[in-house]
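K.L.:
how would this look folded up:
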Amino acid sequence: MTHETVSDNIHKRNKIVIVGGVAVGAGAAAKIRRMDESAEIVVIERGPHVSFANCGLPYYLGDVISKREALLLHTPSSLRARFELDVRTRQEVVAIDRENKMVKISKLRDGSNYEESYDKLVLAMGAQPIMPRLPGIQLPGIFQLRTIPDVDDMKAWIASRGVHHVAVVGAGFIGIETVENLTALGLRVTLIEKAPQVLPPFDEEMTAHVRQDLKRLHVNTVLGDGISEFRGTDRATEVVLESGRLIRADMFILGLGVRPNSGLAKEAGLELGTAGTVKVNEYLQTSDPDIYAAGDVAEVAHLVNGSPRFLPLAGAANKQARIIGENICGARVKFEGTLGTAIVKLGETTLAMTGLTEKAAKAGGISYAVSYNTAGHHAGYYPGAADLTVKLLVEPLTELVLGAQISGKQGVDKRIDVLATAIAGRLTLDEVAGLDLAYAPSFSSAKDPVIMAAMVAQHVVRGEVHTVRTMEDIRRLGALILDVRSEQEAAKNALPGAVNIPLDQLRERADELDKNITWVVYCRSGQRSYFAYQILSGLGFNSVYNLDGGMIVQGMLQEVEDFDKIGSAVS
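P.N.:
Numbers count the residues shown, from 1 in each chain. Sure, this is the predicted structure:
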């Protein structure tokens, strides 16, 4: 966010109506009150709860969060007591009269309507779950997870219906978190996803360890197949997939994603942006300067390239709430945009992302280079070191980091935050490699995985090492393969046709290799093979490539059915 000037002339008895609660609505209201004690602030919330931790709902479902009241951050009475807010739950704004600056409000308890005037209006309606129009979709036993009443209904159904098997439709963030929490309850789970991968926002290979953890949790995972129909009499008992396959279950949870709840804004004639979001300027004003919008209902700019996006994430919503509060009270604070930084956990694996993915860069026609690096999350000699695999996207000419994804068991969160900061600060690879990061053996290594990832990317971008990523790349080159791992490692698993010469024997045995053909060298993670690359190049080998990321990334690149054969070094 960028501050310009702050006016000291806050309007006396300014009246602000806020449509929706939770992060944006309640947050903006609280900020306005802190800046203007005299303002009249009305919050209209359709549901029964105005301020709750919606990101905690899957964990309440799984009893990780045991107390329901822990999810309730504020109630109407607590908001009135602390901030003197007029909070009206179970009411809905159904129309906006921009010319007369009035909103029409419906009381959901009795259906009666009334009008309320405003000086400034804030749209914080969020997003609504995607509910496809399918046969049987209204049968009892089909749920969505967006609100506290939703999870109340789920818990009651599980307790009263003898639920043993749950089908979760949608393998996005909420779907994956829901699956983990259902398995924690001892329930059998089938996960259905129309896309060919779990967690579609990520690049597919980075989700490989999540897929392996789904196996370890005995989750039946169906990919590349959507739903077409629900069947049952008094309740849903099976779902028919687009392939014709039938999945029977005692309960179905839909996590098909969300769409911006922008119907009210559209009817009021406000300009809409990408994916049906409300278009806003850098100050979060809509096409009507007296109406603001933020959170899941509003368009945001991607910080890497400025492109408009629909990125429904809580972190951005909370920052936007504060900015709206300041701007309504006379400031001129800019919301610069977001990187879409996100993190999710399943079983032993944590997966995080920030900035552009490779598929987003491809779709946007953005020039990029890719590098992989795997390193321990702390010093290898200190007990318990676990692998972190970092994928970086870098702009080749400027060497700016465009995006990062990390898969690992521990330490993923702090590394993705460092890289998000690096992207936001427009740091080059030199600057990332030169960061002064905290080190002690139990926390990191002298060269942190972030620094190592930047150094590896430097080699790739600057042409200091030529890399290939896939077996198809190797076949296209007509190359032979050199495995520089130990004999014991090579005996456990190896790429087809590979010659094994351990790295420490390579100089004395290099004459066993033909210098005039193309060689691709590999090891477990890409580090030893990088050393081997330098040795062979220095000995006059004409054409040498390093297999990017080694056996670990090769395992991640394989299809699920091939993963165990090639990627056992990962686990």
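K.L.:
residues touching the residue nearest the centre of the chain, list them.
P.N.:
Central residue of the chain (Cα atoms, centre = their mean): A342, 3.6 Å from the mean position. A342 makes contact with F173, P201, L313, A352, M353, T354 under the criterion Cβ atoms under 8 Å, 6 or more residues apart in numbering. All C-beta spots, glycine's among them, are computed from the backbone N, C-alpha and C.
K.L.:
so where's the chain uncertain?
P.N.:
Within the chain, the stretches with pLDDT under 70 are 1-12, 559-571.
K.L.:
looking at it, which residue lies furthest from center?
P.N.:
Ranked by distance from the centre of the chain (Cα atoms, centre = their mean), the top residue is D511, with 49.0 Å.
K.L.:
M206: neighbouring residues, count only.
P.N.:
24 (other Cβ atoms under 10 Å).
K.L.:
One more: A491?
P.N.:
A491 has 10 nearby residues by other Cβ under 10 Å.
K.L.:
what do you get for F310?
P.N.:
Neighbours around F310, by other Cβ under 10 Å: 18.
K.L.:
Relative to Q554, how far out is it?
P.N.:
The gap separating F310 from Q554 is 34 Å, by Cβ to Cβ, to the nearest Å.
K.L.:
neighbour-wise, which of the contacts of A342 leads?
P.N.:
Within those, T354 tops the neighbour count with 28 neighbours, counted by other Cβ under 10 Å.
K.L.:
Given the strand or helix carrying that residue, what are its sheet partners and their directions?
P.N.:
According to DSSP states H and E, T354 maps onto strand 349-355. Using DSSP bridges, the strands paired with strand 349-355 are strand 342-346 (antiparallel), strand 401-408 (antiparallel).
K.L.:
For stretch 501-516, buried residues please.
P.N.:
By neighbour count on 16 or more other Cβ atoms under 10 Å, the buried set for stretch 501-516 is I501, P502, L503, L506, A510, L513.
K.L.:
Could you do stretch 105-113 as well?
P.N.:
Going by neighbour count (16+ other Cβ under 10 Å), the buried part of stretch 105-113 is I105, S106.
K.L.:
Determine how far that stretch lies from the middle of the whole chain.
P.N.:
Mean C-alpha position of stretch 105-113 versus that of the full chain (Cα atoms, centre = their mean, to the nearest Å) differs by 37 Å.
K.L.:
Likewise for stretch 264-284?
P.N.:
Relative to its chain's centre, stretch 264-284 lies at 24 Å (Cα atoms, centre = their mean).
K.L.:
Straight-line length of that stretch, end to end?
P.N.:
End-to-end distance for stretch 264-284: 17 Å, by Cα to Cα, to the nearest Å.
K.L.:
contact partners of it?
P.N.:
By Cβ under 8 Å, 6+ apart, stretch 264-284 touches 19, 93-96, 98, 123, 125, 259-260, 262, 286-288, 291-294, 297-299, 301, 308-310, 320, 323-324, 327, 332-336.
K.L.:
Mark which of the residues you listed are buried, thanks.
P.N.:
In terms of neighbour count (16+ other Cβ under 10 Å), the buried residues within the contacts of stretch 264-284 are 19, 93, 96, 98, 123, 125, 259-260, 262, 286-288, 291-294, 297-299, 301, 308-310, 320, 323-324, 327, 333, 335.
K.L.:
So which of the residues you listed are in helices?
P.N.:
Q320, I323, I324, N327 (DSSP state H).
K.L.:
Quick check: the closest residue to Q128 other than its chain neighbours vs I227, distance?
P.N.:
Nearest non-adjacent residue to Q128, counting by Cβ to Cβ, 6 or more residues apart in numbering: N261, 4.7 Å away. The gap separating N261 from I227 is 23 Å, by Cβ to Cβ.
K.L.:
go on, A424?
P.N.:
Distance check for A424 against I227: by Cβ to Cβ, it reads 38 Å.
K.L.:
quick one, which of these two is more surrounded?
P.N.:
Using other Cβ under 10 Å, the more surrounded residue of A424 and I227 is I227, with 23 against 17.
K.L.:
wait, doesn't the more buried one sit right on L134?
P.N.:
Yes: in this structure, I227 is within contact of L134 by Cβ atoms under 8 Å, at 6.6 Å.
K.L.:
Now for the closest residue to G170 other than its chain neighbours, how many residues are close by?
P.N.:
Nearest residue to G170, sequence neighbours excluded (Cβ to Cβ, 6+ apart): G255, at 3.4 Å. Here the number of neighbours of G255 (other Cβ under 10 Å) works out to 27.
K.L.:
Kindly report the same for E282.
P.N.:
15.
K.L.:
now it: how far from G306?
P.N.:
From E282 to G306 the distance is 11 Å (Cβ to Cβ).
K.L.:
got it, and G355?
P.N.:
13 Å.
K.L.:
ok, now which ones touch the residue lying closest to G21 once chain neighbours are set aside?
P.N.:
Closest residue in space to G21, ignoring its immediate chain neighbours: V50 at 3.6 Å, by Cβ to Cβ, 6+ apart. Counting by Cβ under 8 Å, 6+ apart, V50 touches G21, V22, G25, A26, V43, H74, T75, P76, L79, V87, T89.
K.L.:
Show the contacting residues for the first one.
P.N.:
Contacts for G21 were tallied using Cβ under 8 Å, 6+ apart; they are V43, E45, G47, H49, V50, S51, V87, T89, A124.
K.L.:
The fourth one now?
P.N.:
A26 makes contacts with V43, V50, S51, L73, H74, L79, A321, as judged by Cβ under 8 Å, 6+ apart.
K.L.:
Just say helix, strand or coil for it.
P.N.:
helix (DSSP: H, G, I helix; E, B strand; the rest coil).
K.L.:
ok, the closest residue to D448 other than its chain neighbours - how many residues close by?
P.N.:
Leaving aside its sequence neighbours, D448 sits nearest to L437 (Cβ to Cβ, 6+ apart; 4.6 Å). Neighbours of L437 under the rule other Cβ under 10 Å: 16.
K.L.:
One more: V484?
P.N.:
Count around V484 with other Cβ under 10 Å applied: 28.
K.L.:
thinking it is in contact with Y533, fair?
P.N.:
No: using Cβ under 8 Å, V484 is not in contact with Y533; the gap is 9.3 Å.
K.L.:
How much space separates the nearest residue to P149 once chain neighbours are set aside from L254?
P.N.:
Closest residue to P149 apart from its sequence neighbours, by Cβ to Cβ, 6+ apart: P48 at 6.7 Å. Distance from P48 to L254, counting by Cβ to Cβ: 21 Å.
K.L.:
which ones are touching E472?
P.N.:
E472 makes contact with no residue under the criterion Cβ under 8 Å, 6+ apart.
K.L.:
which secondary structure element contains it?
P.N.:
Here E472 is assigned to helix 471-477, by DSSP H and E.
K.L.:
residues in contact with the helix or strand following that helix?
P.N.:
Reading on from helix 471-477 to the C-terminus, the next helix or strand found by DSSP H and E is strand 480-483. By Cβ under 8 Å, 6+ apart, the surrounding residues in contact with strand 480-483 are 474, 490, 494-501, 513-514, 517-523, 532, 547.
K.L.:
re the thing from before, can you list which of the contacts of A26 are found in strands?
P.N.:
In strands, judged by DSSP state E, the following of those are found: V43, S51, L73, H74.
K.L.:
Looking at these, state which has the most neighbours.
P.N.:
These, ranked by neighbours (other Cβ under 10 Å): first place V43, 27 neighbours.
K.L.:
Against D387, how distant is it?
P.N.:
V43 is 47 Å from D387, where distance means Cβ to Cβ.
K.L.:
Likewise for K15?
P.N.:
The value you get for K15 to D387, if Cβ to Cβ is used, is 56 Å.
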